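Colleague: output the structure for:
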Amino acid sequence: MHDLVIKHGQLILHSGPVLADLAIDGDRIAAIGRQLNAARAIDAAGCYVIPGGVDCHVHLQMRLGGLTTADTFETGTVAAACGGTTTVVDFTDPQPEQPLMHALRERRAEADGRVAVDYGLHMTIPAWHASAEARLHDVPDAVAAGCATFKLYQAYDRMQLDDVALLRAMRAVAAAGGSVVLHSETGPLLDHLRAEALAAGRREPVWHERTRPAILEASAVQRALAIAALAGCAFHVFHVGAAEPLAYIAAARTNGQDVTAETCPHYLLLSADQHLSGTDGPLFICAPPLRSPDDQAAAWRALKDGSLDIVSTDHCPWTRSEKRQPSFADVPGGLPGIEARLALVHHFGVNQRDLPLTSWVSSCCAAPARRMGLSRKGALLPGYDADIVIFDPLREKTLASNELNEAADWSPYEGQDVSGWPRAVLLRGAEIVRDETYIGHPGQGRFQHRTFVPAPDPSP
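Modeller: Below is the predicted model:
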């Protein structure tokens, strides 16, 4: 007799959909089969049963200048839970001269006891830290503490690594048994183009995209691929939304390089034309910027053929007032979106573009879990954490910021109709969302100690 059985649902396994029951004992999946018995049952008739979503790129309680992103660890993870995400990976950003481990302890103190879902942390290596090999001595300590992934930047003043620093950091990370996650843009040229535009009096939001051309994103990706190959370092390219960098990544993978890539719903669904939408134009500023409809199509093709592995959100929520600035150069970059990810990829991918159900689950659940070293997440397999989403594919919903659980007072998907939404969500066997209502409590989430040994592809 099991503790709990989810009955009559269509389980989306690595091998494909199957009608079966799923049994849970304690906090783990115990069995998959027919007519399983348990002390308690949840009826999932008419629904997909999928592993809890893994969003490996979020910014909660992130400080930028004098601002802090709108979602706290509490509000952001409650929103994640309601959207079917049961694990997020945020960031530790060391301040100037601060040791990595000091920064990690401070960041965990902000999250522990407040998160509604499980979480991990990437460790950022800023420019000052990568300025000399001696400064990277604590990279192995961060890996040992469960931060198996290190964020590097090719843009932004304080964070930006030149090619020598990038090689130095990648070598240190690879030697410690970690991997890199990368913001890839050609920073110095972007700074120059932005300064030129401002000097010419161009302050409209569309100039954000025009001063960050996709070819410069692609050139940064190309250099990073070469440097990672020299360093023997596995890496993951964040937020790719343009055809040119996608082509470089696909070619490197064909040649056997250990590189993965992600896109985000806003690159799949929105374009730079959003910047022309009157007073709302500044809301859509993010980096890399929104691109063209042709780039959207390229991203969807890459997601379908597997050359794009992951859909994350890069959830970085600012309020309307914070986003409305006199110049595009003053607008804090980033969009909210942590809650609607599963539904958006299902509606626009599965429903409208024939994206296989297995690809939907892989990109939102299994692939991020494997790449980020979450060895018991992202699959419906005995022994894995019982992070489960009961997803109703026929649930009609209109996205509205005043009904979402995110703290920002707007949504880039405002008014969008979707078919499909999570009905119930379990975190390690405990029901935290029931009938689309959050019933858990902040603090249920746990820090995930990650080791960069990607889990094998789940078998049926």
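Colleague: what pLDDT, on average, does the helix or strand where residue 370 lies get?
Modeller: If you go by DSSP states H and E, residue 370 is part of helix 367-371. Mean pLDDT, helix 367-371: 97.
Colleague: which strands or helices does it pack on?
Modeller: If you count contacts as 3 or more C-beta pairs under 8 Å, 6 or more residues apart in numbering; DSSP states H and E, helix 367-371 packs onto strand 53-55, strand 259-263, strand 310-311. For the C-beta atoms, the positions are set from N, CA and C on the backbone; glycine is no exception.
Colleague: looking at the ones you listed, which is buried most?
Modeller: With neighbours taken as mean count of other C-beta atoms under 10 Å, those reach their highest mean count in strand 53-55, at a mean of 32.
Colleague: for that strand, what is the distance to the chain centroid?
Modeller: Computed by C-alpha atoms, centre = their mean, to the nearest Å, the chain-centroid distance of strand 53-55 equals 7 Å.
Colleague: quick one: contacts for residue 376?
Modeller: Applying C-beta atoms under 8 Å, 6 or more residues apart in numbering to residue 376 gives the contacts 28, 383-385.
Colleague: what does the helix holding residue 370 contact?
Modeller: 51, 54-56, 87, 89, 179, 236, 260, 262, 309-310, 312, 374-375, 377-379, 454-455, 457.
Colleague: out of those, which end up buried?
Modeller: With burial judged by 16 or more other C-beta atoms under 10 Å, the buried subset of the contacts of helix 367-371 is 51, 54-56, 87, 89, 179, 236, 260, 262, 309-310, 312, 374-375, 377-379, 454-455.
Colleague: picking up where we left off before, of the helices and strands packed on helix 367-371, which is nearest residue 363?
Modeller: strand 310-311 (4.6 Å; C-beta to C-beta).
Colleague: now the element after the closest one, going C-ward?
Modeller: Next element after strand 310-311 (DSSP H and E): helix 320-323.
Colleague: closest to residue 350 out of the helices and strands packed on helix 367-371?
Modeller: In terms of C-beta to C-beta, the element of the helices and strands packed on helix 367-371 nearest to residue 350 is strand 310-311, at 12.2 Å.
Colleague: what's the closest non-adjacent residue to residue 123?
Modeller: Of all residues not flanking residue 123 in the chain, residue 147 sits nearest, at 4.2 Å (C-beta to C-beta, 6 or more residues apart in numbering).
Colleague: measure how buried residue 431 is and give me the count.
Modeller: Here the number of neighbours of residue 431 (other C-beta atoms under 10 Å) works out to 16.
Colleague: pLDDT wise, what is it at?
Modeller: In this model, residue 431 is scored at 98, pLDDT.
Colleague: that one belongs to a strand, doesn't it?
Modeller: Yes. Counting by DSSP: H, G, I helix; E, B strand; the rest coil, residue 431 falls inside a strand.
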